[in-house]
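Colleague: Need a 3D model of the sequence below.
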Amino acid sequence: MLVLGKLLELTLAGHEPSAKIQLTPDGTRLRWLDEGALEVTPPAARDNGLDLLLSAGIHGNETAPIEMLDRLLRGIARNELRPAARILFLFGNPEAMRRGERFVEQDINRLFSGRHEQSSGFEAIRACDLEHLSATFFGKETGRTRLHYDLHTAIRGSKIEQFALYPWQEGRAHSRRELERLRAAGIEAVLLQNKPSITFSAYTYAQLGAEAFTLELGKARAFGQNQLVNLDLLENALQALIEGREVVSGEPTLDGLQLFAVSREIIKHSDSFQLHLPADIENFTELKPGYLLAEDIADTRWLVEEQGARIIFPNPRVKNGLRAGILIVPDDGASLV
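Modeller: Prediction:
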């Protein structure tokens with residue numbers, strides 16, 4: 001197998017390969033760009049016009065999608081997968097991956113869309129580097145399809161195991177066809193966002209014009225302990241995307257896919273912030289109207305007012321000024337195109 005196919009091994013070892021470009025027997029080019037960054041280019045005759053960005057390890061302890069990307073890349077390096085798409089593989093936070101931690105100093109997934117310019121430290125620099133790598137990969141060429149999946153697992157259990165977050169941009173509608181693609185890949189629910197964000201997928205969606213999603217794929221576990229995380233449907237779908245074998249039906253169907261919209265974000269303003277939820281509460285737990293969700297300084301109180309409201313990503317330990325949870329409500333998908 002080509003050495004560059006061992007990108008995960010190289011990244012965890014902190015090793016820079018001596019050979020930066022390698023070719024598979026069928027002419028697919030692998031090019032090492034930076035630590036945890038590798039570009040795959042198919043032969044021109046097989047290029048189907050898709051530019052596919054696959055990222056994982058933005059949080060270093062979310063290992064199941066890291067291992068999946070490793071399997072895909074090794075398949076390409078062994079000439080078992082024959083790409084028809086250009087692909088950029090990114091392992092987001094190599095140092096956190098080596099330590100087995102979510103992050104070292106600060107959450108990279110809160111440092112995009114220029115937010116890194118307001119911060120310092122190596123993770124802010126890495127967020128800037130990831131923006132540049134992504135922008136260079138997608139380039140200025142028009143007429144190609146841009147798609148980004150940023151792959152994660154959650155720090156807590158979830159009543160809906162595998163779900164996606166679909167970023168927002170003013171004047172741009174969410175795509176029914178993209179949601180059908182996610183449904184076929186085993187995604188059970190999608191949160192349609194309705195305001196700008198500072199995550200990686202929000203950057204590639206709003207700034208680079210890609211269809212982009214954050215995919216949450218189960219609970220975070222250590223390397224080698226992901227037997228309970230079933231990514232078979234997603235992995236098969238990504239293999240088909242890579243090789244250009246995806247079957248597109250006529251009218252998109254979203255049967256079985258649950259849609260949600262953001263109702264409110266719970267922002268932590270001070271060290272006095274209290275989140276009135278059990279520490280082990282699962283994502284998508286329903287909360288009844290009238291429930292006192294959180295309190296903060298200046299008599300700030302968050303009461304649940306919405307019918308059918310659910311909580312996702314509750315985390316009272318975030319830094320002041322960041323979201324400590326999201327209240328979501330069911331959505332009928334009327335705004336999809």
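Colleague: all helices of the protein, in order?
Modeller: For the chain, the helices defined by DSSP state H occupy 7-13, 63-77, 94-99, 122-138, 176-184, 200-206, 232-243.
Colleague: now those helices in a markdown table, with distance to residue 37 and mean pLDDT?
Modeller: C-beta: built from backbone N, CA, C; applies to glycine. Supplementary listing: the helices of the chain in a markdown table, determined by distance: least, CB to CB, whole Å; pLDDT from 0 to 100:
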| stretch | distance to residue 37 | mean pLDDT |
| --- | --- | --- |
| helix 7-13 | 8 | 98 |
| helix 63-77 | 12 | 97 |
| helix 94-99 | 10 | 98 |
| helix 122-138 | 5 | 97 |
| helix 176-184 | 25 | 96 |
| helix 200-206 | 13 | 98 |
| helix 232-243 | 17 | 97 |
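Colleague: Please identify which of those is closest to residue 87.
Modeller: Residue 87 lies closest to helix 232-243 among these, at 6.4 Å (CB to CB).
Colleague: And the contacts of that closest one?
Modeller: With contacts defined as CB atoms under 8 Å, 6 or more residues apart in numbering, helix 232-243 is touched by 50, 52, 54, 68, 71-72, 75-76, 81-85, 87, 147, 149, 162, 181, 184-187, 215, 217, 245-247.
Colleague: Sort out which of those residues are buried, if you could.
Modeller: Buried subset of those (neighbour count, 16 or more other CB atoms under 10 Å): 50, 52, 54, 68, 72, 75-76, 81-85, 87, 147, 149, 162, 181, 184-187, 215, 217, 246.
Colleague: picking up where we left off before, out of the helices of the chain, indicate the one that is most buried.
Modeller: Among the helices of the chain, the stretch with the highest mean neighbour count (mean count of other CB atoms under 10 Å) is helix 200-206, at a mean of 26.
Colleague: Okay, domains of the chain per the record?
Modeller: According to automatic domain parsing, the chain comprises the domains 3-243, 264-330.
Colleague: quick revisit: for residue 109, find the nearest of the helices of the chain.
Modeller: helix 200-206 (5.9 Å).
Colleague: packing partners for that closest one?
Modeller: In terms of contacts (3 or more CB pairs under 8 Å, 6 or more residues apart in numbering; DSSP states H and E), helix 200-206 is packed against helix 122-138, strand 145-154, strand 211-219.
Colleague: change it to 6 Å
Modeller: Here helix 200-206 touches strand 145-154, strand 211-219, going by 3 or more CB pairs under 6 Å, 6 or more residues apart in numbering; DSSP states H and E.
Colleague: do you know which of those lies nearest residue 227?
Modeller: Nearest to residue 227 among those is strand 211-219 (11.0 Å), distances taken as CB to CB.
Colleague: partners of the closest one in the sheet?
Modeller: With DSSP bridges as the test, strand 211-219 is paired with strand 145-154 (parallel), strand 162-166 (antiparallel).
Colleague: Can I get that strand in PDB, CA atoms only?
Modeller: The C-alpha coordinates for strand 211-219 follow below in PDB (Å, rounded to 0.1, in the frame of the first residue of the first chain):
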ATOM      1  CA  GLU A 211     -23.200  22.000   0.300                       C
ATOM      2  CA  ALA A 212     -21.900  21.300   3.800                       C
ATOM      3  CA  PHE A 213     -23.100  19.400   6.900                       C
ATOM      4  CA  THR A 214     -21.900  18.600  10.400                       C
ATOM      5  CA  LEU A 215     -22.700  14.900  10.900                       C
ATOM      6  CA  GLU A 216     -23.100  13.500  14.400                       C
ATOM      7  CA  LEU A 217     -22.600   9.800  14.300                       C
ATOM      8  CA  GLY A 218     -23.000   8.300  17.800                       C
ATOM      9  CA  LYS A 219     -21.100   8.700  21.100                       C
END
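Colleague: And for it, what's in contact with it?
Modeller: Contacts of strand 211-219 with the rest of the structure, by CB atoms under 6 Å, 6 or more residues apart in numbering, involve 65, 147-154, 157, 161-167, 178, 201, 204-205, 229.
Colleague: cutoff 7 Å now
Modeller: Outside of strand 211-219, the residues within contact range by CB atoms under 7 Å, 6 or more residues apart in numbering are 64-65, 146-154, 157, 161-167, 175, 178, 182, 187, 199, 201, 204-205, 229, 231, 234.
Colleague: could you give the angle of it to helix 63-77?
Modeller: Using axes from the mean of the first three to the mean of the last three CA atoms, to 10 degrees, the direction of strand 211-219 lies 120 degrees away from that of helix 63-77.
Colleague: Quick one: mean pLDDT over strand 211-219.
Modeller: For strand 211-219, the mean per-residue pLDDT is 95.
Colleague: From the chain's centroid, how far away is that strand?
Modeller: A distance of 4 Å separates the C-alpha centroid of strand 211-219 from that of its chain, computed with CA atoms, centre = their mean, to the nearest Å.
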